[in-house]
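> Quick one, fold the following:
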Amino acid sequence: MIHIGIVGDHDPAQETHVATEDALGHAAVDLGLGVEPAWVATDEVGDPPDELVAFDGLLIAPGSPYRDPEGALRAIEHARTRDVPLLATCAGMQHVVVELARHVLGVADAHHAEYEPEGATPVVTPLACSLAGRTQEVEVRPGTRAAAAYGTASAAERYACRFGPDPAVVGELARAGVVVSGTDAEGAPQILELPDRRFFVATLFVPQLRSTLVHPHPLVSAFVAAAAEAARGDDEGTSEPTVVVRRASG
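Model (predicted):
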């Protein structure tokens, strides 16, 4: 059984949360795996985040503002520093940018503008035009984990966001080794990843919304496959498992 922690403030009436649970189920069927998801509220993530150590993978869910953004950041840092497979979507991606700005770029007061703390440095800001409810094409960069999962050069994806990463900060992150593996038609970052981790992918869109039982979303399937490999590696005492992904068609 693969244990996936979904970090976010669960609302059963929220479409993206229902889609998140469904997409993990689609991936489980696609890969022939047993997957057990469990929600962990952001204000339940401790310091240190002992609640997360039993999970084989972490999915940072849509749905900001989070009750405790610092809890979400602790979960992201836990995944990044312990090489736990991570998929972060929508608000999850935005908080990945904050965590990386703080702990990779050293911007100690980096924050998300939705929370508006005084005197801090916003690295996630309101989009000039909200993407909530929209579908748009994402161009996928060859040679990346995202490209390996998709198997295509582009994909139409659904969004639920009003905020996005500051392009200047993403440029600094790219110089520090973060890969921009997906962009929109204007070149704005839509997918970020850390190539030296088992699986660490963040998307501004919500791939869960496009997943179906017939066509599981390839990024979600890739994430679950990486979590399965991590679980097998941990069971066997292997520190660097090879992730093998069976891509969904469509």
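> Identify the residue nearest residue 35 in space, chain neighbours excluded?
residue 28 (3.8 Å; CB to CB, 6 or more residues apart in numbering). Yep, even glycine has a C-beta here, placed from its N, CA and C like the rest.
> And the pLDDT at the one you found?
Per-residue pLDDT puts residue 28 at 97.
> Equivalent analysis for residue 202, please.
For residue 202, the pLDDT comes out at 98.
> That one is in contact with residue 98, isn't it?
No. The criterion here is CB atoms under 8 Å, and residue 202 misses it with residue 98 at 11.1 Å.
> Spell out the secondary structure type for residue 108.
At residue 108 the chain is in coil, as set by DSSP: H, G, I helix; E, B strand; the rest coil.
> The nearest residue to it once chain neighbours are set aside sits in which helix or strand?
Spatial nearest neighbour of residue 108, excluding adjacent residues (CB to CB, 6+ apart): residue 102 at 6.2 Å. Per DSSP states H and E: residue 102 is located in helix 91-103.
> Could you give the bridge partners of the most centrally placed residue in the chain?
Centroid-nearest residue in the chain: residue 88, 1.4 Å away (criterion: CA atoms, centre = their mean). Beta-bridge partners recorded for residue 88 (DSSP bridges): residue 60, residue 202.
> So for it, what pLDDT did the model give?
98.
> repeat for the one 10 residues further on
According to the predicted model, the pLDDT of residue 98 comes to 98.
> you'd agree it is up against residue 110?
Yes. Using CB under 8 Å, residue 98 is in contact with residue 110, at 5.3 Å.
> Could I get the CA-only coordinates of the helix with the most length in the chain as CSV?
Determined from DSSP state H, the single longest helix within the chain is helix 218-236. Output of helix 218-236 as CSV, limited to C-alpha atoms (Å, rounded to 0.1, in the frame of the first residue of the first chain):
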residue,chain,number,x,y,z
PRO,A,218,0.1,11.7,-16.5
LEU,A,219,1.7,13.9,-13.9
VAL,A,220,-0.4,12.4,-11.1
SER,A,221,0.5,8.9,-12.4
ALA,A,222,4.1,9.8,-12.5
PHE,A,223,4.0,11.2,-8.9
VAL,A,224,2.3,8.0,-7.6
ALA,A,225,4.8,5.8,-9.5
ALA,A,226,7.6,7.8,-7.9
ALA,A,227,6.1,7.4,-4.4
ALA,A,228,5.8,3.6,-5.1
GLU,A,229,9.5,3.5,-6.0
ALA,A,230,10.4,5.5,-3.0
ALA,A,231,8.4,3.1,-0.8
ARG,A,232,10.1,0.1,-2.3
GLY,A,233,13.5,1.7,-2.0
ASP,A,234,12.9,2.5,1.6
ASP,A,235,11.8,-1.1,2.3
GLU,A,236,14.9,-2.4,0.6
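> returning to what we had before: what kind of secondary structure is the residue nearest to residue 35 in?
Under three-state DSSP, residue 28 comes out as helix.
> if I look at it, how far off is residue 21?
Using CB to CB, to the nearest Å, we find residue 28 at a distance of 11 Å from residue 21.
> one step back: joint contacts of residue 98 and residue 110?
Any residue near both residue 98 and residue 110 by CB atoms under 8 Å, 6 or more residues apart in numbering counts here, and that gives residue 123.
> Just the angle for whichever strand or helix holds residue 190 relative to helix 91-103, thanks.
In this assignment (DSSP H and E), residue 190 forms part of strand 189-193. Counting by axes from the mean of the first three to the mean of the last three CA atoms, to 10 degrees, strand 189-193 lies at 60 degrees to helix 91-103.
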